[in-house]
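Asker: Using only what follows, build the 3D model:
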Amino acid sequence: MASRFVLVAFNNPGAIRVYRINADGTPGDEVKQSDAIDPGIFPHQVRATPDNRQVILVARGHDAADGKPEEPGSLKLFDFNDGVLSNEVSIAPDGGYGFGPRHLDFHPSKPWVYVSLERQNAVDLFELKDGVLSAGPRFRKGTLSRAPVGRAAVGTVHVHPDGRTVYVANRGSNPAGENSMAVFAIDQATGEPNLVQHIDTHGVHPRTFHIDPSGRLMAVAHITGAALSLFRIGADGKLEFARTYDIDVGTRTMWWMGMV
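Answerer: Numbering: from 1, shown residues only. Okay, the predicted model is just below:
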């Protein structure tokens with residue numbers, strides 16, 4: 001959180017690495033880890049906790065396919081001190097089966113961690129108190145508005161800066177699938193996410209999205225037919241479509257989008 005280190009998740013083969021950031025902002029050396037690390041199966045994201053004392057690695061796992069059994073997902077919690085990861089704890093409800101986490105985000109003021117489940121098309125709420133992540137979700141809510149057409153897979157998740165709304169991207173594999181943002185109002189007493197809106201993203205496969213620092217605008221990035229869709233964010237957290245920008249990527253892929 002202090003921009004002294006870069007944390008990197010590798011999915012295949014699974015790994016997590018830590019690199020220093022030099023005083024001039026350039027990438028520094030890798031921090032060698034003293035403990036053996038179990039990165040889980042197909043890590044997809046790594047985040048430092050808001051207090052900068054811990055790190056959570058999100059490992060998605062795999063659905064059963066082609067005669068292979070399901071491979072479980074997990075959340076890997078580490079203590080973090082001067083770039084060194086230690087005291088790993090694995091959070092895997094039901095052994096990680098039926099649990100396919102892709103991304104997480106933190107509530108700005110409460111001990112709540114919202115986790116998008118790619119393989120279950122759902123969002124979970126975990127609690128992180130005194131350095132301990134709850135063994136299972138306090139709440140789980142589905143994100144789709146209708147039965148999938150083709151493959152449906154939840155994408156990233158972001159909590160609004162005011163802490164009152166959490167957003168999850170639904171990624172359809174084709175134009176007939178559900179390509180939407182699911183909008184959940186957050187119960188300020190319990191953290192429970194309650195669905196208040198589904199809105200079409202005006203594109204296919206909205207892999208990533210971001211909220212601008214003012215909390216009034218959202219940009220959603222689509223892979224299939226590369227495009228950025230913009231939405232206004234209302235005082236109630238609901239979205240209003242503004243416009244779409246087609247992006248010329250040539251033969252390349254608009255794989256990821258962020259905002260600073």
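Asker: what residue lies at the spatial centre of this structure?
Answerer: His103 (2.1 Å; Cα atoms, centre = their mean).
Asker: List the residues that contact the residue nearest to Arg138 when sequence neighbours are not counted.
Answerer: Once flanking residues are discounted, Arg138 sits nearest to Leu125: 4.9 Å by Cβ to Cβ, 6 or more residues apart in numbering. Placement of C-beta: from N, CA and C, glycine included. With contact taken as Cβ atoms under 8 Å, 6 or more residues apart in numbering, Leu125 is in contact with Trp112, Val113, Tyr114, Val115, Pro137, Arg138, Phe139, Arg140, Gly191, Glu192, Pro193.
Asker: Recalculate using a threshold of 7 Å.
Answerer: Trp112, Tyr114, Pro137, Arg138, Phe139, Gly191, Glu192, Pro193 (Cβ atoms under 7 Å, 6 or more residues apart in numbering).
Asker: Please check these and keep the buried ones.
Answerer: Buried members of these, counted by 16 or more other Cβ atoms under 10 Å: Trp112, Tyr114, Pro137, Phe139, Gly191, Pro193.
Asker: before we move on, back to that, quick check: bridge partners of the residue nearest to Arg138?
Answerer: Tyr114, Phe139 (DSSP bridges).
Asker: Next up, phi/psi of Gly234, please.
Answerer: phi -80, psi 170 (degrees, to the nearest 10).
Asker: what separates the nearest residue to Asn22 once chain neighbours are set aside from Pro206, distance-wise?
Answerer: Nearest residue to Asn22 in three dimensions, chain neighbours excluded: Gly28, at 4.6 Å (Cβ to Cβ, 6+ apart). For Gly28, the distance to Pro206 equals 34 Å [Cβ to Cβ, to the nearest Å].
Asker: Tell me, domain by domain, which residues of this structure belong where.
Answerer: 1-64+72-81, 100-260 (automatic domain parsing).
Asker: contacting residues for Phe5?
Answerer: Val18, Tyr19, Arg20, Ile21, Gly83.
Asker: before we move on, back to that, the residue nearest to Arg138 and Gln45: what is the separation?
Answerer: Taking Cβ to Cβ, one finds Leu125 at 17 Å from Gln45.
Asker: chain center to the helix or strand where Leu128 lies: distance?
Answerer: Assigned by DSSP states H and E, Leu128 belongs to strand 122-129. Taking Cα atoms, centre = their mean, to the nearest Å, one finds strand 122-129 lying 12 Å from the centre of the chain it belongs to.
Asker: Mind listing what's buried along it?
Answerer: Result for strand 122-129 [16+ other Cβ under 10 Å]: buried residues Ala122, Val123, Asp124, Leu125, Phe126, Glu127, Leu128.
Asker: Return the member of those residues nearest to Gln54.
Answerer: When the buried residues of strand 122-129 are compared for distance to Gln54 (Cβ to Cβ), Leu128 wins out at 8.0 Å.
Asker: re the thing from before, using JSON lines, lay out the domains of the chain together with distance to Glu88 and mean pLDDT.
Answerer: Shown next, in JSON lines, are the domains of the chain (distance: least, Cβ to Cβ, whole Å; pLDDT from 0 to 100):
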{"stretch": "domain 1-64+72-81", "distance to Glu88": "5", "mean pLDDT": "97"}
{"stretch": "domain 100-260", "distance to Glu88": "12", "mean pLDDT": "96"}
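Asker: Looking at those domains, which is nearest to Pro93?
Answerer: When the domains of the chain are compared (using Cβ to Cβ), the closest one is domain 100-260, at 4.2 Å.
Asker: what about Gly28 and Pro206, which has more around it?
Answerer: Shown here are Gly28 and Pro206; by other Cβ atoms under 10 Å, Pro206 has more neighbours (27 against 16).
Asker: Would you list the phi and psi of the more buried one?
Answerer: Taking degrees, to the nearest 10 as the convention, Pro206 sits at phi -80, psi 90.
Asker: Would you agree it is in contact with Ala219?
Answerer: No: Pro206 lies out of contact with Ala219 (Cβ atoms under 7 Å); the separation is 10.4 Å.
Asker: Having no further points to raise, I will conclude here.
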